[in-house]
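# coords please:
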Amino acid sequence: HLATSLPLPSERDHLRPRIDLIVFMIDIKSKYSLKNVEASLAYVDARFFLGKVCFLVTGVGRVNYCSIETNAICQLGEAYRSPVLFCELELEGIRVATAQRLLRMLQICAGHIPGVSALFFVSLMRNSDDD
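Predicted coordinates for the structure are as follows:
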């Protein structure tokens with residue numbers, strides 16, 4: 001399911017499936033994109049930041065057109081203790097690899113991978129990022 005911003009409309013709460021993973025998409029060419037994500041973060045329950053949120057930054061193949069500093073996005077990921085994935089959706093190979101990574105993260109967050117929790121998975125990612 002996709003939403004352009006949060007909060008989600010409450011009139012359909014009873015029809016909404018369980019949310020296992022929130023992926024905030026940030027278009028590196030649009031400052032509005034980052035501002036929208038920052039505003040939406042206030043509506044996310046703090047428990048989701050224990051492994052069930054990630055930031056997906058698109059448009060990274062066009063460095064000349066960037067409106068957002070990658071450092072600002074990385075700081076956002078650090079502040080919310082959530083992984084940041086960079087990709088270029090216009091390149092099929094990268095798009096497929098990113099989709100596979102997100103699907104694997106979703107499987108973990110939904111509890112479909114025995115012995116691996118979302119919190120454990122994110123702690124593994126944090127340790128490899130810090131080295």
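
# can you map out the strands along the chain?
Using DSSP state E, the strands of the chain run over 22-27, 53-58, 84-86.

# Turn the ones you listed into JSON lines, including distance to Arg95, mean neighbour count and mean pLDDT.
For every residue, glycine as well, the C-beta is placed using N, CA and C. Shown next, in JSON lines, are those (distance: least, C-beta to C-beta, whole Å; neighbours: other C-beta atoms under 10 Å; pLDDT from 0 to 100):
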{"stretch": "strand 22-27", "distance to Arg95": "13", "mean neighbour count": "20", "mean pLDDT": "94"}
{"stretch": "strand 53-58", "distance to Arg95": "10", "mean neighbour count": "21", "mean pLDDT": "94"}
{"stretch": "strand 84-86", "distance to Arg95": "12", "mean neighbour count": "19", "mean pLDDT": "92"}
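
# so can I have JSON lines of the ones you listed showing distance to Gly115?
Formatted as JSON lines, those follow (distance: least, C-beta to C-beta, whole Å):
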{"stretch": "strand 22-27", "distance to Gly115": "23"}
{"stretch": "strand 53-58", "distance to Gly115": "21"}
{"stretch": "strand 84-86", "distance to Gly115": "23"}
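
# and Leu103, which of the ones you listed is closest to it?
Nearest to Leu103 among those is strand 22-27; the distance by C-beta to C-beta comes to 11.0 Å.
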